[in-house]
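# Here's a sequence, model it:
(2 chains)
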Amino acid sequence: EVQLVESGGGLVQPGGSLRLSCAASGFTFSDHYMDWVRQAPGKGLEWVGRTRNKANSYTTEYAASVKGRFTISRDDSKNSLYLQMNSLKTEDTAVYYCARDGGSGWYEVDYWGQGTLVTVSS
Amino acid sequence: DIQMTQSPSSLSASVGDRVTITCRASQSISSYLNWYQQKPGKAPKLLIYAASSLQSGVPSRFSGSGSGTDFTLTISSLQPEDFATYYCQQSYRTGYTFGQGTKLEIK
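Next up is the predicted model:
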């Protein structure tokens, strides 16, 4: 069974940093692209960024709203995905989901974690 | 970024109704269009990918169509568990933008 479990959320002051983790199990993690997607309270879904797999040089992409502040990394030996968030703003307050690309070539997200809440507030 | 516009933003319907939600892209995205269902407090669930491919395990009452800029999600006969919010997403170009969502409520 595919499982994605996020951790690391919490309350942080504006300008601060936080690192989210996602533990993956039930599939060959190293084969898949992985995404982070967020959802502000009462709002819609926003794609945050993506890391490709080793075969695609672990390249990353980011939404314009987080580029230069957020960094996605992965450790295939630990089946783990990370999101380092720096220079946090109040508008970064959201539930952050770890998400797996289905690998079909159509770049759909076929599995999601349960999400972890990040609150940026003074 | 490619903009995705869903309509309607909300919809009231009854069990057994046929429902259609539309999604329009600001430029052509070929068939790189996905549909997700989200219930309150839960993670989204993939329903349709590549505009019309039904994800494994999803009931056949869900179907998708379209290509280029105009897409539709159809639920052929609403069931009580289908009342939720639905999102489209383009996976054609980085930014991978979502529509604003369509909230489907019980009439």
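# Just confirm B:Glu81 is within a strand.
No. Per DSSP: H, G, I helix; E, B strand; the rest coil, B:Glu81 lies outside any strand segment and is helix.
# what's the closest non-adjacent residue to residue 12?
As the question left the chain open, I've gone with chain A. Spatial nearest neighbour of A:Val12, excluding adjacent residues (C-beta to C-beta, 6 or more residues apart in numbering or on different chains): A:Leu18 at 5.1 Å. Heads up, the C-betas are built off the backbone N, CA and C, glycines and all.
# To clarify, I was referring to chain B.
Nearest in space to B:Ser12, with sequence neighbours left out and distances taken as C-beta to C-beta, 6+ apart, is B:Lys107 at 4.3 Å.
# ok, that neighbour - contacts?
B:12-14 (C-beta atoms under 8 Å, 6 or more residues apart in numbering or on different chains).
# The residue nearest to A:Val12 against A:Leu11, yeah?
No. Because the distance of 9.4 Å does not satisfy C-beta atoms under 8 Å, A:Leu18 is recorded as not touching A:Leu11.
# Between these two, tell me which one has more neighbours.
For the pair A:Leu18 and A:Leu11, the greater number of neighbours falls to A:Leu18 (20 against 13), based on other C-beta atoms under 10 Å in any protein chain shown.
# give me the beta-bridge partners of the more buried one?
Listed by DSSP bridges, the beta-bridge partners for A:Leu18 are A:Met85.
# Would you mind measuring from it to B:Arg24?
36 Å (C-beta to C-beta, to the nearest Å).
# ok, now B:Ser65?
Distance of B:Ser65 to B:Arg24, computed by C-beta to C-beta: 13 Å.
# Overlap of the contact sets of the two?
Among the neighbours of B:Ser65, those also in contact with B:Arg24 (C-beta under 8 Å, 6+ apart) are B:Phe71.
# Name the SS class of the residue positioned nearest the centre of chain A, please.
For chain A, the residue nearest the mean C-alpha position is A:Trp36 (2.7 Å; C-alpha atoms, centre = their mean). Under the three-state scheme (three-state DSSP), the conformation of A:Trp36 reads as strand.
# Give me the phi and psi for the closest residue to A:Gly8 other than its chain neighbours.
The spatial neighbour of A:Gly8 that comes closest, neighbours along the chain excluded (C-beta to C-beta, 6+ apart), is A:Leu20 at 4.3 Å. Here is the backbone geometry of A:Leu20 (degrees, to the nearest 10): phi -100, psi 150.
# Chain A contacts on chain B?
Where chain B comes near chain A, counting by C-beta under 8 Å from any C-beta of the partner chain, the residues are B:1, B:31-32, B:34, B:36, B:38, B:43-46, B:49-50, B:53, B:55, B:87, B:89, B:91, B:94-101.
# Just the buried ones out of these, please.
The neighbour-count test (16 or more other C-beta atoms under 10 Å in any protein chain shown) marks B:31-32, B:34, B:36, B:38, B:43-46, B:49-50, B:55, B:87, B:89, B:91, B:95-101 as buried among the residues of chain B next to chain A.
# Could you tell me which of these are located in helices?
When these are checked against helices (DSSP state H), there are no matches.
# Need the distance between the two termini of stretch A:73-92.
Stretch A:73-92 has an end-to-end distance of 19 Å (C-alpha to C-alpha, to the nearest Å).
# for stretch A:65-72, same thing?
For stretch A:65-72, the first and last residues are 14 Å from each other (C-alpha to C-alpha).
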